[in-house]
Structure formats: C-alpha cells, structure tokens
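A.B. asks: please find the sequence and the predicted model below.
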Amino acid sequence: MVYMHVLPGLFDDYLQPGRYCHAQNGLYLPYVQAAEADAVIVDCLNPSGANIVTCKDQRIQLFLDEVGGLAFDTAPSGGIKLNDPYIPVFDYRTIELARMTGADVVGLTLRDILVNPLKIGAGHYAINKIQFRDVSVIRRLCSKKKVILFLTGLDVLIETIWHQRVPCELFQQLNMMGFWAITGFNFSVFGGECPVAQSLNQKKSLVSSMLLEENDIFTIPHIYAVNDFHIRKYQQWLKNNPQIQLVTMNCQMQRQEEDIEHVANTVQAMLMVNSKLHIILQGYRFSEIHRLIGFQDRIHIADAKAVKYAQNFQNANPEILTLPGQYKSDDYPNLVHSNIVYRTQKLHHLLNYMCQ
C-alpha cells in the first residue's frame, strides 16, 4: 500500500459539504436556499454533464432559460381523476394481454413505446436511434383501456428523449397513440447532489407536463422531493394550484428504510395540502402501505410486479409454491391474469384493513 502526504487544505472543498456549490452563496435565492448546499456530498463540478446539469456547468443558464428559470410558476389545468387503487403496469411484450385484463386503468412506460431504445457498450447504456412503435398497436390498447404512460426509465433514455423531443416529434407521436393520460418526465432528483440541479429537474418535469397539455394530452404532474425544502416548495405549489387533483411519484428505487420513510412523509405532506388530491405511487411496496394510514382512500399504486413475475413463470402469491418447470408458455396469459387478480385483491385487503 502506498501512502501519500497531503498538504493541509488541499482537498478542503471535498471534505466540507456545500463549499463547492454556488447555491451556498445565495446565488439562486429564493428558489434554492443556501442551506440546501449543506447536504451536497457529490462535487458540483461535472465536466461531462452526465445525468445532471449542475451550478458549475458552463451551460447552466441555457438550461434555466429553457424552462423559464427555477420558479414553480407553471402548472397544468388538472382535471384527471382516478378511482382504481391498483394500476397494473404492462410492457410491450404483454400489450395484447393488457387489452384482456379486467382492470379499467393500465400503465405503460416510456421504453415500451420505442423500438429497442437501449444498447450496452463498455458496460454502460447508450441510446439507439429513436424509433417509435407502431402507433396502431398502442391505439388498439388505448381504445379498450384507460392507459397511463409513465415517462420513467433510465436517465440516459429520459434525458435523450427530452433533448430530442422536437426532432423526433415526441408530442405528435404521443398524441397519435391516444393515451388517456401521460405523466410528467421523471427527471432524477438524488440526495447529496447539487440543489440547483435538483431544482432544475423538478421544474423541467413540471414544464414537460405543460407541454403535454399544450399538445392536447391530459397530463399527471410528476413530483419528487428528497428534503424538507423540496416538500415545502411542492406544498406551496399545490396551494397555488388547487385544480391539481392527481400527481404521481416514482418510488421504484426507494428500498432503504430511511428512503421509504421519507417517501411516506412526502406523500402525507402533499395530501394534507388538498383534501381532494390523489397520488399514484409507481413501484411502492405493498408492505409499506401501513405508513400511509389516514390517506388510504387517496393512494393508487402502479405496479409491474404481476407482469414481471409472470414473465419469469412465477406466481405472485407467495403462498403458492412455484416449482421449476411448473408453468409452460401456454400458461403465460393465465399466469399474468391470476397475478394481477392476486395483486389487486391484496392491495384492496391492505387498504381496507387500514380503515379498521
């Protein structure tokens, strides 16, 4: 092992969170508080611009101008209402089965409307040519079901589609597909990163919902908060826009106890602002429903587990032992159906239990 003598102060910026974030100097007040920089643990110097655009990115002003700055001064007109607690999320391979499910509302994700959008090179995902699926296939499902398109997925996919939305005619393509509603883009907001980047991505998501609405598409705003500053900002936005009665939050990456607790606290904080507000939690664990007691009648869960289990020829019901080779390809449609029925009933049971 080689030891190096480091001169005092040489890496102070790396050892003291916040010192290397411009937000600490109050440059982005009142939209980003100086105290938010105290939580920074990832250097804001990001020359490659990978995933996020930070306060130290030379293009930052261009990105801010693109969305009209960091003020939460934009919101769609609302109008979307939802009753179903459980929303099964399908993919393109199971799109025909989605037409036959008993659920009134179903979901797809961004990747499912694109033809082989991702490739792996040198251990990293990259984007193939942007090519949309056959519109008629999507429309056939949308004519049968209320389909919500969740604009979630890998950062590289989301960011590429967003930046190329004009040349690839994204909104025109989405309009032709006939979705019942489309969520705002789920731009990444990670704890420990530049608060300016976090705020920019939150604003971009709201702007994406506005662009959807301007293209005659019903939209569900996507929100996500990683700290109390964000929670208060969204609460004020909801107070300013009481017409918003449905929002969505992507919870698929939250698996640690602390993260799940923060999600639950965020959801409760949002729902307390408006008694008519409902929220779709994409990928939220059924086992954590108990954290949302008191709000169970306004919670909806978008869930891909039923379909994914079936694709692995597994029964979603843990009480039914799945033996290797038990299910054949001919069993697949029935397995998808039974998994959805089980997950639907399971969620209803949990929600009803919370009411007792």
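C.D. replies: Perfect, thanks for sending it.
A.B. asks: show me where the protein has helices.
C.D. replies: Taking DSSP state H, the helices of the chain run over residues 12-15, 60-66, 95-100, 135-142, 155-163, 170-177, 195-214, 228-240, 257-273, 305-311, 332-355.
A.B. asks: check those helices for me and report the most buried one.
C.D. replies: Among these, helix 195-214 has the highest mean neighbour count (mean count of other C-beta atoms under 10 Å), at a mean of 24. The C-beta positions use only the backbone N, C-alpha and C, and glycine is treated the same way.
A.B. asks: on that earlier part again, can you tell which of the helices of the chain is closest to residue 85?
C.D. replies: Between residue 85 and the helices of the chain, the tightest spacing by C-beta to C-beta is seen for helix 332-355, at 5.5 Å.
A.B. asks: what about the strands in the stretch 51-200 of the chain?
C.D. replies: Ranges of strands in the stretch 51-200 of the chain, per DSSP state E, counting those that start in this stretch, are 86-88, 105-109, 118-121, 124-127, 146-150, 181-183.
A.B. asks: adding mean neighbour count, write the ones you listed out as a markdown table.
C.D. replies: A markdown table is the format used below for the strands of the stretch 51-200 of the chain (neighbours: other C-beta atoms under 10 Å):
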| stretch | mean neighbour count |
| --- | --- |
| strand 86-88 | 24 |
| strand 105-109 | 24 |
| strand 118-121 | 10 |
| strand 124-127 | 13 |
| strand 146-150 | 24 |
| strand 181-183 | 26 |
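A.B. asks: which of these sits closest to residue 200?
C.D. replies: Between residue 200 and the strands of the stretch 51-200 of the chain, the shortest separation by C-beta to C-beta is 18.5 Å, and it involves strand 181-183.
A.B. asks: list the contacts of the residue minimising distance to the centre of the chain.
C.D. replies: Centroid-nearest residue in the chain: residue 250, 3.4 Å away (criterion: C-alpha atoms, centre = their mean). Residue 250 makes contacts with 150, 152, 186, 222, 224, 282-283, as judged by C-beta atoms under 8 Å, 6 or more residues apart in numbering.
A.B. asks: got it, and residue 131?
C.D. replies: Contacts of residue 131 (C-beta under 8 Å, 6+ apart): 114-117.
A.B. asks: so what's residue 205 up against?
C.D. replies: With the criterion set at C-beta under 8 Å, 6+ apart, residue 205 makes contact with 184-187, 221-224.
A.B. asks: just the closest of the residues you listed to residue 132, please.
C.D. replies: residue 185 (16.5 Å).
A.B. asks: per-residue pLDDT of residue 241, please?
C.D. replies: Looking at residue 241, its pLDDT reads 96.
A.B. asks: now do residue 41
C.D. replies: 89.
A.B. asks: now it: closest residue in space that isn't a chain neighbour?
C.D. replies: Leaving aside its chain neighbours, residue 41 sits nearest to residue 192 (4.1 Å; criterion: C-beta to C-beta, 6 or more residues apart in numbering).
A.B. asks: residue 181 versus residue 331, what's the distance?
C.D. replies: 33 Å (C-beta to C-beta, to the nearest Å).
A.B. asks: quick check: which ranges of the chain have low pLDDT?
C.D. replies: Where the chain drops to pLDDT under 70, the residues are 1-19, 47-51, 118-126, 254, 323-325, 356.
A.B. asks: 50 instead?
C.D. replies: Applying pLDDT under 50 to the chain picks out residues 1-19.
A.B. asks: the residue nearest to residue 41: neighbouring residues, count only.
C.D. replies: 11 (other C-beta atoms under 10 Å).
A.B. asks: what sits against it?
C.D. replies: By C-beta under 8 Å, 6+ apart, the contact list for residue 192 reads 39-42.
A.B. asks: what's the closest of those residues to residue 61?
C.D. replies: For these, the nearest to residue 61 is residue 40 (20.2 Å; C-beta to C-beta).
A.B. asks: so what's the residue count around the closest residue to that closest one other than its chain neighbours?
C.D. replies: Once flanking residues are discounted, residue 40 sits nearest to residue 21: 4.7 Å by C-beta to C-beta, 6+ apart. By the criterion of other C-beta under 10 Å, residue 21 has 30 neighbours.
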